[in-house]
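S.K.: Build the 3D model from these lines:
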Amino acid sequence: YHYNKQGNVKLAVVVRVAPVYILAAIVGPTLVHYMPIFFLHLLMGLVLILISGVVIFSHQFNHDLNQRPINSAQLSWMALLAGMVTSMSGVATGVILLPYLSRYLPRIQAVGTSVSCAVVGCGIATVSYIISGFHQSTTVLPPYSLGYVYLPAYGVVALAMLLFTPLGVRLAQQIHTEYFKWLLAALLSLSGLYSIWLVL
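M.R.: Numbers count the residues shown, from 1 in each chain. Take a look at the predicted model:
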């Protein structure tokens, strides 16, 4: 809402990415349902660390404002990768889609467009996790669970996002591109290491 209000959402890109995200949001939770937890944590941790390296060593954030047309096939593949990682790990889609979109759009517009795409993917993925875990025994899942969605944690995270998203939007506009790149890479690396540490 905040990004769109400021004109920083490329709706044409969102419309092209949304169907791919919907597909990934359905397939991802189904794969996780049958995947050993050790393998899932290890895979997601390595993916996040790899992406942090790509963010650091790429020049995708150094946008020259000479906008180029986005390759439809590339965008679809990047959206599929971003959607699968998001739906399987709960990590925001921006860690993959944002660096790619920054090659073609001003950084703040790339952020706003990526966030808007995430709304579609995360909404569908949440429903998929509720459905895929709906028939699990209460001895397997903790109380106050709706399928694979643990409602107390969901409430805390949703409240925190509601309160701090406006702050994040302002910071994204004010942080220098180079600092933004290193901050994003650091957050990705820490998340990846934490994911791996959980199963060691």
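
S.K.: The helix or strand Ala125 falls within: which residues count as buried?
M.R.: Ala125 is part of helix 107-132, with elements assigned from DSSP states H and E. Using 16 or more other Cβ atoms under 10 Å as the test for burial, helix 107-132 gives 107-118, 120-122, 124-126, 128-129, 132. From N, CA and C alone the C-beta is placed, and that goes for glycine too.

S.K.: worst-scoring helix or strand of the chain, pLDDT-wise?
M.R.: Ranking every helix and strand in the chain by mean pLDDT, DSSP states H and E puts helix 94-101 at the bottom, with a mean of 77.

S.K.: Between helix 107-132 and it, find me the angle.
M.R.: Interaxial angle, helix 94-101 versus helix 107-132 (axes from the mean of the first three to the mean of the last three Cα atoms, to 10 degrees): 140 degrees.

S.K.: Which strands or helices does helix 94-101 pack on?
M.R.: If you count contacts as 3 or more Cβ pairs under 8 Å, 6 or more residues apart in numbering; DSSP states H and E, helix 94-101 packs onto helix 37-57, helix 72-89, helix 107-132, helix 177-197.

S.K.: so which strand or helix has the residue of the chain positioned farthest from its centre?
M.R.: No residue in the chain sits farther from the centre than Thr139, which is 30.5 Å out by Cα atoms, centre = their mean. Using DSSP H and E, Thr139 sits in no helix or strand.

S.K.: Make 53 the starting number, not 1.
M.R.: All right, first residue 53 from here; so that's Thr191.

S.K.: Just list the residues touching Ile101, thanks.
M.R.: Leu240, Ser241, Gly244, Leu245 (Cβ atoms under 8 Å, 6 or more residues apart in numbering).

S.K.: pLDDT check: weakest of these?
M.R.: pLDDT is lowest at Leu240 among these; the value there is 83.
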